[in-house]
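>>> My questions are about this predicted structure, shown below with the sequence.
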Amino acid sequence: MTAKVSLDKSKIKFLLLEGVHQSALDTLHAAGYTNIEYHKKALEPEELKEAIKDAHFIGLRSRTNLTADVLEHAHKLIAVGCFCIGTNQVDLIAAEKLGIPVFNAPFSNTRSVAELVLGEILLLMRNIPKANAQVHRGEWNKSAVGSHEVRGKKLGIIGYGHIGSQLSIIAESLGMNVYFYDIETKLPLGNAQQLGSLQELLSSCDIISLHVPENASTKNMINAERIAQLKQDCIFINAARGTVVDIDALAQALESGKIRGAAIDVFPQEPASAGEVFESPLRKFDNVILTPHIGGSTSEAQENIGTEVASKFVKYSDNGSTLSAVNFPEVSLPEHHGTKRLLHIHANRPGILNKINQVFVDENINIAAQYLQTDPQIGYVVIDVETEDAHSLLHRLKEIEGTIRTRILY
Ligand SMILES: NC(=O)C1=CN([C@@H]2O[C@H](COP(=O)(O)OP(=O)(O)OC[C@H]3O[C@@H](n4cnc5c(N)ncnc54)[C@H](O)[C@@H]3O)[C@@H](O)[C@H]2O)C=CC1
Ligand SMILES: O=C(O)CCC(=O)C(=O)O
């Protein structure tokens, strides 16, 4: 049985951007949510501020920047869904302060990225991008010079998380020797070896592939100084985030022949729409594979992501569960039958839980079940009660100082 929610389901508005997969709409429809505004593209900032005003849920991919400024216009927003892995396009701290959990799909496109990178390694080791460009221009350079098998070559992976470790496995199956650098100690899969320093990895590997998230520690991580540490003639791949690499320094290294080939899927500035021209100092190189941020763009990945993130929306809307939210205390909740469920999100201050519980003492209402999780900023408490008049309880809970938002589920 589908749980009833505080608002009539038809009044709960979903704003879905950037052409998220049909599976997201199917999942929402199956759960009884029909009020969906769907856009194939990202919205311009002003359009976004207008569209988000009455949205309860927003779904986006990597092109929509949900800044603190945009979030201020989101008066009704209950949750954000990133239909991708990266969540750097959302101001997670601002969202949390507003009591808005942000969900993503942490591994639905992992395999797609790893497969693309593997394909690029094979092509670059054989100089295929350059040969392809030359033949398209009518040039015929049949040569084995500088063309290599990948078997026995050293692959250096920076960031050994979901994607890095998946790549490690499939690269080993082709006979490559895998090394990685990560700020955390990671379990090496197969025969892979973790190296103690980035410099050691850069200077010893034939191929370097980046798989770190965008954050303060990775901004311009690969700058001119790091590029100088690369092995002469190496191959360089970035399918992580554009901000991780100094693109001018990379262009210089390609110009000088230090790097023999590269594959770049992500850029410091990416066009906001298909109509915008892509500008980059890398465009002129035949030995560079340039792709428009499509590492995770396969039918399989997009379908899985659509279902996964939309299911998290449904779970939070129907049931209050925040499991796997990236910026929010995680609470996994059972179904509530025969009770009303009150959700209370508050600033994490001493004494606030006492005040919440005092409401139930004053009203002489028995708490059937209570779930609480906190992080340093906020607390999220869920209370199941057996009463007909849960609205007056909600009203009192709202008045408690430090309350960020409340909701009731029937
Ligand atoms: N091109 C595309 O379409 C796609 C790009 N991505 C990007 O790939 C990134 C990685 O994805 P996952 O592997 O799923 O993430 P993950 O979170 O599973 O792994 C990231 C790894 O990087 C490590 N790390 C973090 N900071 C580091 C630093 N300064 N130095 C070395 N290691 C560091 C972490 O410890 C972790 O092991 C995502 O954050 C996203 O930005 C993800 C999917 C698709
Ligand atoms: O599919 C997208 O729009 C972005 C993919 C990506 O970069 C991610 O999942 O982090």
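Structure received. Ligands and ions are numbered 1, 2, ... in the order given.

>>> Can you name the residues in contact with stretch 46-55?
The list of residues contacting stretch 46-55 from outside it, by C-beta atoms under 8 Å, 6 or more residues apart in numbering, reads 13-15, 37, 39, 42-43, 58, 64, 69-70, 73-77. Just so you know, the C-beta spots here come from the backbone N, C-alpha and C atoms, and that holds for glycine as well.

>>> My error: substitute stretch 323-340 in the last question.
Residues outside stretch 323-340 that contact it (C-beta under 8 Å, 6+ apart) are 3, 87, 92-93, 95-96, 100-104, 106, 312, 315, 319-322, 341, 368-369, 371-375, 378-380, 382, 384-387, 390, 408-410.

>>> Spell out whether the host helix or strand of residue 201 and ligand 1 are in contact.
Secondary structure from DSSP states H and E places residue 201 in helix 198-204. No. Among the residues of helix 198-204, none lie within reach of ligand 1 under C-beta under 6 Å from any ligand atom; the closest is 7.1 Å away.

>>> swap in stretch 72-82?
No. Residues of stretch 72-82 are not located near ligand 1 by C-beta under 6 Å from any ligand atom, the shortest gap being 10.3 Å.

>>> State the mean pLDDT of that stretch.
Averaging pLDDT along stretch 72-82 gives 97.

>>> Kindly check the end-to-end length of that stretch for me.
The straight-line separation of the ends of stretch 72-82 (C-alpha to C-alpha, to the nearest Å) is 18 Å.

>>> Give me the buried positions along it.
Neighbour-count burial for stretch 72-82, with 16 or more other C-beta atoms under 10 Å as criterion, is recorded at 74, 77-82.

>>> Can you name every helix or strand that the helix holding residue 201 contacts?
Helices and strands touching helix 198-204, by 3 or more C-beta pairs under 8 Å, 6 or more residues apart in numbering; DSSP states H and E, are strand 154-158, strand 177-181.

>>> Run through who's touching the helix or strand following the last one.
Note on strand 177-181: by DSSP H and E, the next helix or strand toward the C-terminus is strand 193-194. Contact partners of strand 193-194, identified using C-beta under 8 Å, 6+ apart, comprise 160, 178-182, 185-186, 188.

>>> picking up where we left off before, among the contacts of stretch 323-340, which lie within helices?
The subset of the contacts of stretch 323-340 located in helices under the criterion DSSP state H comprises 92-93, 95-96, 312, 315, 319, 390.

>>> Any idea which residue of the stretch 201-350 of the chain lies closest to ligand 2?
residue 296 (4.0 Å; C-beta to the nearest ligand atom).

>>> quick one, what contacts that residue?
Applying C-beta under 8 Å, 6+ apart, we find residue 296 in contact with 84-85, 109, 112-113, 302, 305.

>>> same deal with residue 178?
Applying C-beta under 8 Å, 6+ apart, one finds that residue 178 lies in contact with 154-155, 157, 168, 171-172, 190-193.

>>> I'd like to know which of these is nearest to ligand 1.
Within these, the smallest distance to ligand 1 is 9.5 Å, found for residue 157 (C-beta to the nearest ligand atom).

>>> partners of that closest one in the sheet?
In this structure, residue 157 has beta-bridge partners residue 180, residue 209, where bridges are defined by DSSP bridges.

>>> contact partners of the helix or strand of the chain with the lowest mean pLDDT?
Within the chain, no helix or strand scores below helix 390-399, which has a mean of 92 by mean pLDDT, DSSP states H and E. Among residues not part of helix 390-399, those counted as contacts by C-beta under 8 Å, 6+ apart are 340, 342, 344, 356, 359-360, 362-363, 365, 385, 387, 403, 406, 408, 410.
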